[in-house]
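# below is the structure, and that's it, no one-letter string:
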DNA sequence: GTCCATGTTCTTTA
DNA sequence: CTAAAGAACATGGA
């Protein structure tokens, strides 16, 4: 569920409430959400103070006062919320970190998320691509030029650009008027520049509205985001396009729903190929 | 019962 | 090697 804007909103709301707090105890209700499995999280955390809460891609990175770090990934349905001491623990609350006068709850029904212990290891992110908000158009162009895959699939590839998910990939392509099936290496320099701007614009707008809540997403205070009301294409199949009023189309790409406006995001090469084969068909028959 | 879902990773197939 | 497609993970809502 959570993409960059949602994760950043959790980080912001979390940091203001737990930085400086000392961990009293840790309850790990199920160990299968922890990587590596054999790590003694309780021993590592108890007595430590939270130094900082930051974001890298879709990961929430927590640094302790002894320099050790771990990160939480929310997967599809994860929540990281700050609750009062001894608050009830709803179903699927897998880990509770207790502070002096509050506690941090990690809940995740689908369990695609989890907690990863990093220790003092500086790496563990060499497989992640650059951050979209600070990525330059030239750097993006260089990365896109190395693959023939459809641009929508490439935007979801965290090793190419890290932090976008299904919602914001669709929204950024609409914003830059690029068809999701266009080959990444065939975008013009101008199109990549537009796409790069669109990505930043969409992410900033979503951040301003504290992310999109489709179902499970909440920030650390339990508040929903509101950006879902401003989606231009995502989950709007058949509804009128914001720009041209034509119907939004939905296709499946890489097993994921992809939403776009066929009129505002034309696929020129594809259209020409179609016209050509139609012409050949007419001439031959 | 069916299908679908904001993510990631692995396997199979071409 | 590249890539697409499918399945897997687990749960709940429509």
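Received, thanks. All figures in this text were calculated on a predicted structure; none of them were measured in a lab. Residues are numbered from 1 along each chain as shown, chains lettered A, B, ... in the order given.

# secondary structure class for residue A:140?
For residue A:140, the assignment made with DSSP: H, G, I helix; E, B strand; the rest coil gives helix.

# do you know the pLDDT at it?
Listed pLDDT for residue A:140 reads 97.

# burial count for it?
If you count neighbours by other CB atoms under 10 Å, residue A:140 ends up with 21. Yep, even glycine has a C-beta here, placed from its N, CA and C like the rest.

# which ones are touching it?
Counting by CB atoms under 8 Å, 6 or more residues apart in numbering, residue A:140 makes contact with A:161, A:192, A:195-196.

# please apply the same query to residue A:269.
Residue A:269 touches A:182, A:186, counting by CB under 8 Å, 6+ apart.

# could you tell me which residues of the stretch 1-150 of chain A lie near DNA strand C?
Residues of the stretch 1-150 of chain A found near DNA strand C (CB under 7 Å from any atom of the strand) are A:76-77, A:91-92, A:109-112, A:147-150.

# ChimeraX command for the buried members of these?
ChimeraX command restricting these to the buried ones, with burial defined by 16 or more other CB atoms under 10 Å:
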select /A:76,77,92,109,150
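
# which of the residues of the stretch 1-150 of chain A next to DNA strand C sit farthest apart?
The most widely separated members of those are A:91 and A:148, with 44.9 Å between them, by CB to CB.

# re the thing from before, now, the contacts of residue A:140 that are in strands?
Among those, DSSP state E puts none in strands.

# so which residue of the stretch 101-250 of chain A comes closest to DNA strand B?
residue A:165 (1.9 Å; CB to the nearest atom of the strand).

# buried ones in stretch A:134-144?
A:135, A:140-141, A:143-144.

# of these, closest to DNA strand C?
Distances from DNA strand C to the buried residues of stretch A:134-144, taken by CB to the nearest atom of the strand, are shortest for residue A:144, at 10.6 Å.

# so what's that closest one closest to, chain neighbours aside?
Among residues not flanking residue A:144 along the chain, residue A:184 sits closest, at 4.3 Å (CB to CB, 6 or more residues apart in numbering).

# what of residue A:86?
Leaving aside its chain neighbours, residue A:86 sits nearest to residue A:103 (7.8 Å; criterion: CB to CB, 6+ apart).

# name the residues of the stretch 1-150 of chain A found near DNA strand B, please.
Neighbours of DNA strand B within the stretch 1-150 of chain A, by CB under 7 Å from any atom of the strand: A:1-3, A:6, A:57-58, A:73, A:75-76, A:110, A:112.

# tell me the buried residues within those.
A:1-3, A:6, A:57-58, A:73, A:75-76.

# on that earlier part again, could you report the neighbour count for the residue of the stretch 101-250 of chain A closest to DNA strand B?
Look at residue A:165: counted by other CB under 10 Å, it has 21 neighbours.

# just checking, it touches residue A:158?
No: in this structure, residue A:165 is not within contact of residue A:158 by CB atoms under 8 Å, at 9.3 Å.

# what is in contact with these two at once?
Joint contacts of residue A:165 and residue A:158 (CB under 8 Å, 6+ apart) are residue A:58.

# what's the longest helix in chain A?
As assigned by DSSP state H, the longest helix anywhere in chain A is helix A:189-208.

# coming back round to it: neighbours of the residue nearest to residue A:144, how many?
As a burial measure, residue A:184 scores 22 neighbours (other CB under 10 Å).

# and it, what does it touch?
Contacts of residue A:184 (CB under 8 Å, 6+ apart): A:144-145, A:147-151, A:154.
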